[in-house]
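# curious how this folds, go ahead:
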Amino acid sequence: MKVFAFLLGCALLLITFLWPFWVYPFGSYSGSVGSADISINFHFDGTYETNLDEIAGVQVGLSGQGYYTIKDSKIYVSSHSDFAISDAIQIGEVENFFTVKLIATEVTMYSKVGIILTVVYGLLALGGFIAMVVSGTRKSQSESK
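Numbers count the residues shown, from 1 in each chain. A predicted model of the protein is given here:
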């Protein structure tokens, strides 16, 4: 079990940081541009909600709800559910499990849920590693007696 916990934690951390194209953003991501707070809430059904109407004086017009898809770590949005990527607007890029970067403003948005889960992955890997070391030490001590 300790080896499984260690390997699972390490695998989840590797996916989070090294292969973000496997990451599916969900929940609320928030950030700020100047004094304006912006947020995007991704749902598993391919919809999103946002308050992105104007960024740094540029009318974006994405406020409200819409549909999104992710391809090669890039987030594409549209106002209708059946859309081709060539017809969609690319608004951002998934950097890792808890970070989405908006292209227009270079704003990095963070997910509190993603940060918490990444910490849990790290603790899972660390706990599995410590359990393996402790059991290996106990085993070697009992064999030497």
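# ok, now which ones touch residue 125?
5, 6, 8, 9, 10, 12, 13 (Cβ atoms under 8 Å, 6 or more residues apart in numbering). Using the backbone N, CA and C atoms, a C-beta is placed for each residue, glycine as well.
# try residue 41
By Cβ under 8 Å, 6+ apart, the contact set of residue 41 is 27, 28, 29, 48, 49, 50.
# so which strand or helix has it?
Using DSSP states H and E, the element containing residue 41 is strand 36-42.
# so which residues of this structure form helices?
Ranges of helices within the chain are 2-17, 112-144, based on DSSP state H.
# sheet partners, orientation included, of the strand holding residue 41?
Looking at strand 36-42 with DSSP bridges, its partner strands are strand 27-33 (antiparallel), strand 47-50 (antiparallel).
# please tell me how far the spatially most central residue of the chain sits from residue 15.
With distances taken as Cα atoms, centre = their mean, residue 97 lies nearest the centre of the chain, 2.0 Å away. Applying Cβ to Cβ, to the nearest Å, the value for residue 97 to residue 15 is 8 Å.
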